[in-house]
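Trainee: Here is a sequence together with a model predicted from it:
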Amino acid sequence: MNIVTREAKKRQRIIEYAIKHGKSKASKKYKEPLSNIKRWSKRYDGTWQSLKNKSRRPHSHPKQHTIFEEADILNVWQENGRKGIDYVFSILVRQYGYTRSQGGLFHALRRLGLIGKQKKKGRQNYRQYNACEIPGEKIQIDVKEVPSWCIRGQHRRDGKKMYQWTAIDECTRWRFVYGFEEHTPENSVRFLGMLTERFPFEIMCIQTDNGTEFTYKFISDEKKCPFEEALEKFDIRHKLIKPRTPWHNGKVERSHRMDQRYFYEWETFTDMKEYNKKLSEHLEWTNNKPMRIFKGKSPEEKLED
């Protein structure tokens, strides 16, 4: 029983005593002001719930969103809501002259019923490490399997799959992605070649998990993975995370969740050509998407800086 319920039930006992013996005697016995007992008696309907304190929250505020601002928020959210609050906030600021904070936008969206309350997660304490300050100092690479419901047509009937290779720079969050049909080390080598051509700075270190597309560490002591041989050729250091610790590759894992939310839940593909075309359009959007961590700058703008 919380304090609000206890207080309401105490008031109920006082009012019931006052009904039998009078308000003045109830005031003397329970040492409660007579004015309070009179006020509670008017509210009392036979239940303790009627004696609970009413909310003192104001119905309006002089600095609340205007109807015009709410109309702009509704319009932008209907068109771009699936792209996230950060993107909606940047559109409102740049195109509609929105002057509120991002926190204010969040509360307005929740008040308008456009988003719900998020479930709280238990706190996880991970060891902190020094963030990279130089582009190319460390790049995380991982592979994501394309959800089966996105694959259509003959490609699906033949039982073929699609895989997304992703590289993200820890300093600027700049990404490069490309799709392949097979999950092999040879495709990792091809992806590495594309990455070195596209990334404008020298790549010093690449961090991956222990999958066989990146290393043969746990399957062979003699044979070396083609991906590791390619890294030696490019003179790039290879860092492997500990087994069963995907949070050590947290930035690329988070980017895959972003792809799932903003791309794979909305698109379908019939072949690899169509898949890579749509993936390149999505890549351009993600690299130009404003990020809160960079105070509204995109990875492309951060890379230019």
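Mentor: Right, received. Where do you want to start? Residues are numbered from 1 along each chain as shown.

Trainee: I figured L231 hits I206, correct?
Mentor: Yes. In this structure, L231 is within contact of I206 by CB atoms under 8 Å, at 6.5 Å. Bear in mind the C-beta positions are built from the backbone N, C-alpha and C, glycine included.

Trainee: can you count the residues close to Y44?
Mentor: Using other CB atoms under 10 Å, Y44 is surrounded by 18 other residues.

Trainee: How about it: what's its closest non-neighbour residue?
Mentor: I15 (5.0 Å; CB to CB, 6 or more residues apart in numbering).

Trainee: picking up where we left off before, mutual contacts of L231 and I206, please.
Mentor: 192, 237-238 (CB atoms under 8 Å, 6 or more residues apart in numbering).

Trainee: Show me what the longest helix that the chain contains is packed against.
Mentor: Looking across the chain with DSSP state H, the single longest helix is helix 3-21. If you count contacts as 3 or more CB pairs under 8 Å, 6 or more residues apart in numbering; DSSP states H and E, helix 3-21 packs onto helix 23-30, helix 34-43.

Trainee: quick one, phi psi at W165?
Mentor: phi -90, psi 130 (degrees, to the nearest 10).

Trainee: hang on, the earlier thing: quick check, the residue nearest to Y44 in contact with L51.
Mentor: Yes. Because the distance of 7.2 Å satisfies CB under 8 Å, I15 is recorded as touching L51.

Trainee: And the strands in the chain?
Mentor: Applying DSSP state E to the chain gives strands spanning 139-145, 163-169, 175-180, 205-208, 237-240.

Trainee: quick one, which of the ones you listed is nearest to K224?
Mentor: Proximity to K224 (CB to CB) singles out strand 237-240 among the strands of the chain, at 10.9 Å.

Trainee: Partner strands of that closest one, with direction?
Mentor: strand 205-208 (parallel) (DSSP bridges).

Trainee: quick one, what contacts T286?
Mentor: By CB under 8 Å, 6+ apart, the contact set of T286 is 175, 255, 258-259, 262, 299.

Trainee: Apply 10 Å and report the result again.
Mentor: With CB atoms under 10 Å, 6 or more residues apart in numbering as the criterion, the residues that contact T286 are 83, 168, 173-175, 177, 255, 258-259, 262-263, 298-300.

Trainee: again, but for E274
Mentor: 152-153, 155, 267-268.

Trainee: Give me the PyMOL select line for these, limited to the buried ones.
Mentor: Of the contacts of E274, the buried ones can be selected in PyMOL as follows, counting by 16 or more other CB atoms under 10 Å:
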select buried, resi 155
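
Trainee: Looking at the contacts of E274, spot the one nearest P246.
Mentor: Comparing the contacts of E274 against P246 with CB to CB picks out E267 as the nearest, at 24.5 Å.

Trainee: Provide a list of residues in contact with the closest residue to the closest one other than its chain neighbours.
Mentor: Using CB to CB, 6+ apart and skipping residues adjacent in sequence, the residue nearest E267 is K278, 5.6 Å away. Residues counted as contacts of K278 (CB under 10 Å, 6+ apart) are 150, 179, 263, 266-269.

Trainee: From the residues you listed, pick the one nearest H65.
Mentor: W266 (28.9 Å).

Trainee: Just to check, the closest one is in contact with C150?
Mentor: Yes. The criterion here is CB atoms under 10 Å, and W266 meets it with C150 at 9.3 Å.

Trainee: Which one's more surrounded, those two?
Mentor: Taking other CB under 10 Å, W266 and C150 do not tie; C150 has more neighbours (17 against 11).

Trainee: one step back: and the residue nearest to Y44, how many neighbours does it have?
Mentor: Look at I15: counted by other CB under 10 Å, it has 20 neighbours.

Trainee: on that earlier part again, list residues touching both of I15 and L51?
Mentor: Residues within reach of I15 and of L51 at once, by CB under 10 Å, 6+ apart, are 40-41, 43-44.

Trainee: Cool, thanks, talk later.
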